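Peer 1: Sequence first, predicted model second:
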Amino acid sequence: MALQQTLTVLNVLDSAFVTGEHVRQLFSEYPQVTVQVQKVEGAKGSTDFVKINIPGSAGKSIGGAAPTFGIVGRLGGIGARPSRVGIVSDADGAVAAIAAALKLADMQTKGDVLKGDILITTHICPDAPTLAHEPVDFMDSPVDIMQMNEHEVLPEMEAILSIDTTKGNRVINHKGIAISPTVKEGYILRVSEDLLRIMEMTTGQFAVTFPVTTQDITPYGNDLYHINSILQPAVATDAPVVGLAITAQSMVPGCGTGASHEVDIASAVRFAVETAKEYTSGICSFYNKAEFARINELYGPMKVLQSLGKPAVSTL
């Protein structure tokens, strides 16, 4: 039921002229939904950050107590013009996040209003630079990761699903979607059983997960290898973060064109929407609170992994 929204968003974003304003216009017929667009200049160009707020029937934005759920569409850019013509593989995270917002907005008009508020953030840049990376090239971004987190990881988000194309690697050999373990305050926790159940329900297949290393949950800029930016939101919040990867069986560069598969993106949208339903109703949990308290009691806080670490010591 999410394919229509996915195709709509793909058609809008697949343009050399697309801006955040075009995304805002997608929601013009939904009066309950608010969309904010902010253009931000970076060292390598500019991008339009988009924030979509879909209020819940008992959401905190209207004085209610239902949990607030965050969906982040993570990417470097939706296009690499002029070096690449067309929408790039890296755009899938933005497409999925906006399509999920469009689906949730449409549900509201048909009487299906979620209890909690949903906040969806991403950014729109049709002419981002590329970045050399092993084993295949990535998309770069006009702005740095700290600016991305500042605009996309909001303090109101009590749990975050970070959607990102994750095809440029040798560790995920599956075409479709996969989820990460939960990351919270520097700890890599067990994979949420609730999210595994939702994935099996929405895909009709066995759940697929992907490995996460300590390096992956540290901030960019520390000279360590990262699988990609899918878990970078976890360095900017104490809320639990789960990566939702759109994956491929083969290695696909983030700057590759003709590599966005509508059905796989729609699978990510369905998973995000169903997770939003259950999380804001208090049915779905990203982590076990008692177990998290116990691991902190035994081993202490690991928030240092959310920082750039200790300064290098000169050996001269």
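Peer 2: That came in fine, so what should we check first?
Peer 1: Every contact and neighbour count from this point should use C-alpha atoms.
Peer 2: Noted.
Peer 1: low-scoring stretches of this protein, by residue?
Peer 2: Applying pLDDT under 70 to the chain flags residues 312-316.
Peer 1: now the strands for it?
Peer 2: Assigned by DSSP state E, the strands in the chain fall at 34-42, 45-54, 69-73, 118-124, 130-131, 138-139, 159-165, 176-179, 183-184, 187-188, 241-247.
Peer 1: got those strands as JSON lines, with distance to residue 301 and mean neighbour count columns?
Peer 2: Formatted as JSON lines, the strands of the chain follow (distance: least, C-alpha to C-alpha, whole Å; neighbours: other C-alpha atoms under 10 Å):
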{"stretch": "strand 34-42", "distance to residue 301": "33", "mean neighbour count": "16"}
{"stretch": "strand 45-54", "distance to residue 301": "31", "mean neighbour count": "21"}
{"stretch": "strand 69-73", "distance to residue 301": "24", "mean neighbour count": "27"}
{"stretch": "strand 118-124", "distance to residue 301": "28", "mean neighbour count": "27"}
{"stretch": "strand 130-131", "distance to residue 301": "34", "mean neighbour count": "18"}
{"stretch": "strand 138-139", "distance to residue 301": "32", "mean neighbour count": "25"}
{"stretch": "strand 159-165", "distance to residue 301": "19", "mean neighbour count": "29"}
{"stretch": "strand 176-179", "distance to residue 301": "24", "mean neighbour count": "23"}
{"stretch": "strand 183-184", "distance to residue 301": "10", "mean neighbour count": "25"}
{"stretch": "strand 187-188", "distance to residue 301": "8", "mean neighbour count": "20"}
{"stretch": "strand 241-247", "distance to residue 301": "17", "mean neighbour count": "27"}
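Peer 1: Check the gap between residue 32 and residue 56 for me.
Peer 2: As judged by C-alpha to C-alpha, to the nearest Å, residue 32 and residue 56 stand 10 Å apart.
Peer 1: The two - which one has more neighbours?
Peer 2: Neighbour count, other C-alpha atoms under 10 Å: between residue 32 and residue 56, residue 56 has more, with 22 against 14.
Peer 1: State the phi and psi torsions of the more buried one.
Peer 2: Main-chain torsions, residue 56, degrees, to the nearest 10: phi -100, psi 170.
Peer 1: and it, what does it touch?
Peer 2: When contacts are counted by C-alpha atoms under 8 Å, 6 or more residues apart in numbering, residue 56 touches 66, 113-118.
Peer 1: Residue 177 touches residue 246, doesn't it?
Peer 2: Yes. In this structure, residue 177 is within contact of residue 246 by C-alpha atoms under 8 Å, at 4.6 Å.
Peer 1: I'd say residue 279 and residue 66 touch.
Peer 2: No. In this structure, residue 279 is not within contact of residue 66 by C-alpha under 8 Å, at 9.1 Å.
Peer 1: Which one's more surrounded, the two?
Peer 2: Each of residue 279 and residue 66 has its neighbours counted (other C-alpha under 10 Å); residue 279 has more, 24 against 20.
Peer 1: That one: what's its closest spatial neighbour, skipping adjacent residues?
Peer 2: Spatially, and ignoring its direct neighbours in sequence, residue 279 is nearest to residue 285 (6.6 Å; C-alpha to C-alpha, 6 or more residues apart in numbering).
Peer 1: before we move on, the earlier item: now list whatever residues contact both of residue 177 and residue 246.
Peer 2: Common neighbours of residue 177 and residue 246, counting by C-alpha under 8 Å, 6+ apart, are 264, 268.
Peer 1: now residue 1: how far from residue 256?
Peer 2: Residue 1 sits 27 Å away from residue 256, taking C-alpha to C-alpha as the criterion.
Peer 1: neighbour count winner among these two?
Peer 2: Comparing residue 1 with residue 256 by other C-alpha under 10 Å, the one with more neighbours is residue 256, at 21 against 10.
Peer 1: give the contact list for that one.
Peer 2: Counting by C-alpha under 8 Å, 6+ apart, residue 256 touches 84, 88-90.
Peer 1: Apart from its chain neighbours, what residue comes closest to residue 55?
Peer 2: Closest residue in space to residue 55, ignoring its immediate chain neighbours: residue 117 at 4.4 Å, by C-alpha to C-alpha, 6+ apart.
Peer 1: what's the closest of the contacts of residue 256 to residue 295?
Peer 2: Nearest to residue 295 out of these is residue 90 (C-alpha to C-alpha; 35.3 Å).
Peer 1: ok, the nearest residue to residue 30 once chain neighbours are set aside - how many residues close by?
Peer 2: By the measure of C-alpha to C-alpha, 6+ apart, the closest residue to residue 30 outside its immediate chain neighbours is residue 105, 6.5 Å from it. Neighbour count of residue 105, defined by other C-alpha under 10 Å: 22.
Peer 1: Kindly provide the distance from residue 105 to residue 98.
Peer 2: On the measure of C-alpha to C-alpha, residue 105 and residue 98 end up 10 Å apart.
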